[in-house]
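A.B. asks: pasted the sequence and its predicted model underneath.
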Amino acid sequence: MSTWLIVDANSIGKAASQGLPFDPSEEERSVTAMLSFVGSQAVKYQATDLVFVFTDPVEEAYTHYNELLLAATKKAGIAVTLLEKDNCLHQLSHFIHTESKKVILLSNDRTWQTLLQGEVSLISPEISKEEGSHVVHLDGARIKETLGYEAESIPEVIALSGILGEAMAKSLMKTYGSISTILLSMEEIRGKSPRTWQRLLEQKGEILAKALKVTPEAGKVDSGVISPLSIDEDTKISPEQLAALTEGTKAEKKLLGEDAIYVDSLQMFHEAAKRFEATFEKGTGFLGITIETTGSALETVCLSTGEDTALFDLGSKDLMKQVKKLLTAAVESGWTLSFWNLKHLLHQCGKIAGRGYDVLLSEQIGDGMKQEADGQLCLFAMEKEDEKENDRGAGELLDWLCSLEEDVFSSEKDSFSVTDRGYFTGEYSKKLSRIFCDVSLLAYLLMPLSTGKDFDIEKVAGVYRKLELKDYKSRFGKKSVREVLEEKREAYVSYAGVRTAMLSELPGDLMSELKEDGQYSLYEEMELPLLFTLYSMEKEGIAMDTAALRRYGEELSEGILKLQEQIYQEVGEEFNINSPKQLGTILFEKLGLPAGKKTKSGYSTAADVLEKLAEDYPVVEHILQYRTFGKLKSTYADGLLDCIASDQRVHTTFQQAVTATGRLSSSDPNLQNIPVRIELGKRIRSVFHAKEGYVFLDADYSQIELRVLAHLSGDQQLIEAYRKDRDIHRATAALVFHVPFEEVTPQQRRAAKAVNFGIVYGISSFGLGQNLDISRQQAQQYIDDYFRAYTRLQEYLDELVAAAKRDHVALTMFGRRRPMPELSSSIYMQRQFGERVAMNAPIQGTAADIIKIAMLHVWQRLRGEGLSSKLLLQVHDELLIETKIEEKEQVKAILDEEMHRAAHLLVPLAIDMEEGNSWYDAH
DNA sequence: ACGATCACGC
DNA sequence: AGAGTACGTGATCGTT
């Protein structure tokens, strides 16, 4: 029996909006990716015939996508069928019944599940948090086993899902088997879940009607006419067509290490080296490098030019020396070294070579108090005196990498300049990018929305090379690298080979994409050099007064204990105040306080709810205080103590490829959210202090986002206000409330400030209402008044939305792109959200770009002018520098100059600078 | 291990 | 019709 693969072109088009690899904003590439995916499924299930089904009318948002798909399928010679949307299921069902073929359906449309039966199965590409994008296969012959209910129940599950949500619908159906049984068991359900019971009761009729509507028979009933699906008998896919569709899978095979070799002896190395050297001589290209480390040592280095791949076991220092020689030869022949995350690698090498702060950290907590410090790392830290044994060349590699960067820098120390566009150029960045390539940064600029698991080599290769590569977890599960190296060396060679080959192959693709996007200089002149700046900031760290932090923590503990006892007394029983659930029960049931908002799982005990109750109920005030104390103690006092390395400094990690707008983020610890508003919290900042002979200089941009907005929009009112250096919130209030500048009340200023804030962060009228504790309507009124005052602003923001809708992307002043899939969503909320993002991303992103430029320039000049002052932190609009006292005036001038000239706007970039011995004093 | 809730910064 | 409302990091609780 021949096997047919029937593709639901419409729902696959729609899948684009759900974050599947078929991105509607990248339509042409998506179509290719989709076809390749279909091809791979056709091969997998040995489908002999392939039909694309388009239902008519085509949904508006995907018209273009579907047109491209239609054109592409026709070009590939694949059968295409147009069905009427209403009786599409019926037609397909009829076809399946009469032709008695083995059928595989490829669709994301749940209603297609109703076609499932013995010889019919369904494939859906899906996306989930746990598994990323993956493929779900429902075998028609094994419905009951897979889903827990019969195929006949599927329409009912779909109908129920619309009312109760998918999870509940499925669980009910598993228990009861059908809607009628469910309706007969209402009392039982009432006991288990009153909410479900109520919904069922209210919407009984609708559920039944819906269930009927999604059955394949529905088409027949509605149209009255049976138009059987007519498919050309001659739809066989030729091997050529299939090959064309599955190019991706073949390419993977080539990469899968057939040519990769594993080198475990010096002699073999020499053979491999000869082959590499021969490749180098062919000219320029990229050399992918992955380095595997296990706790205490550098284990393997995998190199790949795309043509040639080899894995080196770094069992000896000699081999490392040879690898270094090979890499040097590559660089000298004009090859670029490409890594996935270079900054991370630098830190890793430093750690293993005993020169990184990670080692200092593990030394201090050597007893394994922190889970990260596994036995190996601690062992190493304790034995670090004996470098010969443990350091299998990591130090050498680190030195070499750093020296490459240092060479580039020092040979050009006077050449950096500020161009008209306002950011860093000069030979430094060009030479840097000639030697180093960081693929994660390239990928981030192209896909700033990708996060976590979507954002690794395998996934990027999936998008840009249409390869379905297995990542570490799916190959080796939870096994550690060390275990894998011991037990499955061969498999590891192929894994490392594929990854490394992708590192050498991807840069070309990604760079040309970036060039088309106009983002290449952003990469070359901003993100890539910044990597080194961030590396040095992280490595430098910031000094902590450990004793003072401990005292602070103890002080908080006392406060917490007092408050706790007081609360227990006031409430009359002991409970866990940290548990929102228990707290809710105590406050709103036991004490009978008026409940405000609700959350999914009960009463909300959020601060804004409690604050309203605090006036009338002293205990609530104490709970709020308890929360404040608890937060400060656990996150800041205790949290920071855990992060202090034995050099008495904390070394944060700046994430450069996380946010959608281009901002940085900070973690382990997060130093971008150290308290500042409340005095008690702000005191933590006195623990961050400058080392002996140094002081802190802290400079922050004043309202950089609003200034950017003034510039980009060209709004005269806003520009004037900034040129005259007026209090912007007061000026806004004066305009919005039609009162003289001098007569603005504090409340009016507060409201104006909140609206300004809202514009900058892209919040909704709902959010503004929350902030100001006013109604959504009142908030909307403020926004309307605001735009009446700043008319040009409104126009500009409208233009931004229109442009984003047109281009499916929002741009910053420097060309950073933020894709805008939300604007094509069929969900109203999502589109609303998209509109706010379209207005916000260019503003916040431009501000982020500007401070990155400033950081680069400041850092370059500190190094270039031979100063020992160091850039330590960036907090979105603030830079913190540890300055040698003798250098203070010079550094002040540098900060002032470089922050001002980072961008040329129609309004001045104002900076507030302070100095002090601690962050508390300097801010 | 993971989601939900809460809280901190910008 | 009805949803659920800047982002990012981290702590804690309570369930799996």
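C.D. replies: All right, it came through fine.
A.B. asks: domain assignment for chain A?
C.D. replies: Here chain A is described, according to the TED database, as comprising the domains A:3-218+A:234-244, A:259-356+A:391-532, A:545-642, A:704-842.
A.B. asks: helices of the stretch 251-400 of chain A, start to end?
C.D. replies: With helices called from DSSP state H, counting those that start in this stretch, the stretch 251-400 of chain A shows them at A:266-281, A:317-332, A:342-352, A:357-364, A:375-382, A:387-390, A:394-411.
A.B. asks: distance of residue A:839 relative to DNA strand B?
C.D. replies: When C-beta to the nearest atom of the strand, to the nearest Å is the yardstick, residue A:839 and DNA strand B sit 16 Å from each other. Glycine gets a C-beta too; all of them are placed from N, C-alpha and C.
A.B. asks: I meant to write residue A:598 there.
C.D. replies: Using C-beta to the nearest atom of the strand, which is the criterion applied here, residue A:598 is 8 Å from DNA strand B.
A.B. asks: could you check how many residues crowd around that residue?
C.D. replies: Close neighbours of residue A:598, defined as other C-beta atoms under 10 Å, add up to 12.
A.B. asks: now the residue nearest to it when sequence neighbours are not counted: phi and psi?
C.D. replies: Among residues not flanking residue A:598 along the chain, residue A:604 sits closest, at 6.0 Å (C-beta to C-beta, 6 or more residues apart in numbering). Per-residue torsions, residue A:604: phi -80, psi 130 (degrees, to the nearest 10).
A.B. asks: for chain A, which helix is longest?
C.D. replies: When every helix of chain A is counted residue by residue (DSSP state H), the longest turns out to be helix A:828-864.
A.B. asks: which parts of it are buried?
C.D. replies: The neighbour-count check on helix A:828-864 (16 or more other C-beta atoms under 10 Å) flags A:833-864 as buried.
A.B. asks: what helices or strands is whichever helix or strand comes after that helix leaning on?
C.D. replies: Using DSSP states H and E, the helix or strand that directly follows helix A:828-864 along the chain is strand A:870-874. Counting contacts by 3 or more C-beta pairs under 8 Å, 6 or more residues apart in numbering; DSSP states H and E, strand A:870-874 is packed against helix A:528-540, helix A:828-864, strand A:878-884.
A.B. asks: state the mean pLDDT of the longest one.
C.D. replies: The reference is to helix A:828-864. Model confidence over helix A:828-864 averages 94 on the pLDDT scale.
A.B. asks: for chain A, name the helix or strand with the lowest mean pLDDT.
C.D. replies: For chain A, the helix or strand with the lowest mean confidence is helix A:375-382, at a mean of 36 (criterion: mean pLDDT, DSSP states H and E).
A.B. asks: circling back to that earlier point, wait, which of the helices of the stretch 251-400 of chain A is closest to residue A:748?
C.D. replies: Distances from residue A:748 to each of these were compared by C-beta to C-beta, and the smallest falls on helix A:342-352, at 46.4 Å.
A.B. asks: closest residue of the stretch 751-900 of chain A to DNA strand B?
C.D. replies: Distances between the stretch 751-900 of chain A and DNA strand B by C-beta to the nearest atom of the strand are smallest at residue A:876, namely 3.0 Å.
A.B. asks: can you list the low-confidence ranges for the stretch 51-200 of chain A?
C.D. replies: For the stretch 51-200 of chain A, applying pLDDT under 70 flags the ranges A:56-63, A:127-134, A:191-194.
A.B. asks: buried residues in stretch A:263-274?
C.D. replies: With burial defined by 16+ other C-beta under 10 Å, the residues of stretch A:263-274 counted as buried are A:263, A:268-269, A:272-273.
A.B. asks: what does stretch A:68-80 give?
C.D. replies: Of the residues in stretch A:68-80, those with enough neighbours to count as buried (16+ other C-beta under 10 Å) are A:68-70, A:72-73, A:76, A:78-80.
A.B. asks: mind giving me the packing neighbours of the helix or strand in which residue A:747 is found?
C.D. replies: Assignment of secondary structure by DSSP H and E places residue A:747 within helix A:746-761. With contacts defined as 3+ C-beta pairs under 8 Å, 6+ apart, the secondary structure elements packing on helix A:746-761 are helix A:704-713, helix A:728-736, helix A:765-772, helix A:776-789, helix A:828-864.
A.B. asks: possible to save those helices as CSV with distance to DNA strand C?
C.D. replies: Formatted as CSV, the helices and strands packed on helix A:746-761 follow (distance: least, C-beta to the nearest atom of the strand, whole Å):
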stretch, distance to DNA strand C
helix A:704-713, 10
helix A:728-736, 17
helix A:765-772, 3
helix A:776-789, 7
helix A:828-864, 4
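A.B. asks: generate CSV for these, with distance to residue A:624 as supplementary columns.
C.D. replies: Compiled in CSV, the helices and strands packed on helix A:746-761 are given as follows (distance: least, C-beta to C-beta, whole Å):
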stretch, distance to residue A:624
helix A:704-713, 30
helix A:728-736, 27
helix A:765-772, 17
helix A:776-789, 24
helix A:828-864, 30
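A.B. asks: how many residues are close by residue A:770?
C.D. replies: Other residues lying near residue A:770 total 15 when counted by other C-beta under 10 Å.
A.B. asks: gap between it and residue A:760?
C.D. replies: Going from residue A:770 to residue A:760 by C-beta to C-beta, to the nearest Å gives 16 Å.
A.B. asks: tell me which element residue A:696 falls in.
C.D. replies: Residue A:696 belongs to strand A:694-701, assigned by DSSP H and E.
A.B. asks: got JSON lines for the domains of chain A, with distance to residue A:914 too?
C.D. replies: Below are those laid out as JSON lines (distance: least, C-beta to C-beta, whole Å):
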{"stretch": "domain A:3-218+A:234-244", "distance to residue A:914": "43"}
{"stretch": "domain A:259-356+A:391-532", "distance to residue A:914": "25"}
{"stretch": "domain A:545-642", "distance to residue A:914": "19"}
{"stretch": "domain A:704-842", "distance to residue A:914": "17"}
